[in-house]
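Student: coords please:
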Amino acid sequence: MAERCRYCHRPLNRADPDHERHWPFCGARCKTAELGLWFQDRYVISRPLDEVADDAALTDEGPPPAGSES
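Tutor: Coordinates of the predicted model:
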């Protein structure tokens with residue numbers, strides 16, 4: 001199944017520089033349009049945020065050491 005733009009659902013191609021730059025959107029227009037929906041409160045965060053907002057940091061290994069790059 002091909003990946004699609006999160007806003008307009010157009011098929012994406014990672015080889016296209018415009019799609020790569022605005023991933024997971026097809027371009028600046030869709031990226032900006034979705035941001036506008038956040039500003040209009042059409043999207044909300046469904047649960048309270050704890051001190052660690054990134055779920056990826058909640059692994060058994062713990063967060064990466066300071067100064068390390070992933």
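Student: all contacts plus neighbour counts: C-alpha atoms, from now on.
Tutor: OK.
Student: give me every residue that touches Leu28.
Tutor: Just so we're on the same page, residue 28 is Ala rather than Leu. Going by CA atoms under 8 Å, 6 or more residues apart in numbering, Ala28 touches His22.
Student: what of Trp23?
Tutor: Here Trp23 is in contact with Cys5 (CA under 8 Å, 6+ apart).
Student: can you rerun that using 10 Å?
Tutor: By CA atoms under 10 Å, 6 or more residues apart in numbering, the contact list for Trp23 reads Arg4, Cys5, Arg6, Leu12, Asn13, Arg14, Pro17, Lys31.
Student: helices - which of those residues land there?
Tutor: Among the contacts of Trp23, DSSP state H puts Pro17, Lys31 in helices.
Student: of the contacts of Trp23, which pair is most distant in space?
Tutor: Arg6 and Pro17 (17.1 Å; CA to CA).
Student: more neighbours: the two, which one.
Tutor: Shown here are Arg6 and Pro17; by other CA atoms under 10 Å, Arg6 has more neighbours (16 against 11).
Student: part of a strand, is Leu35?
Tutor: No: applying DSSP: H, G, I helix; E, B strand; the rest coil, one finds Leu35 to be helix, outside a strand.
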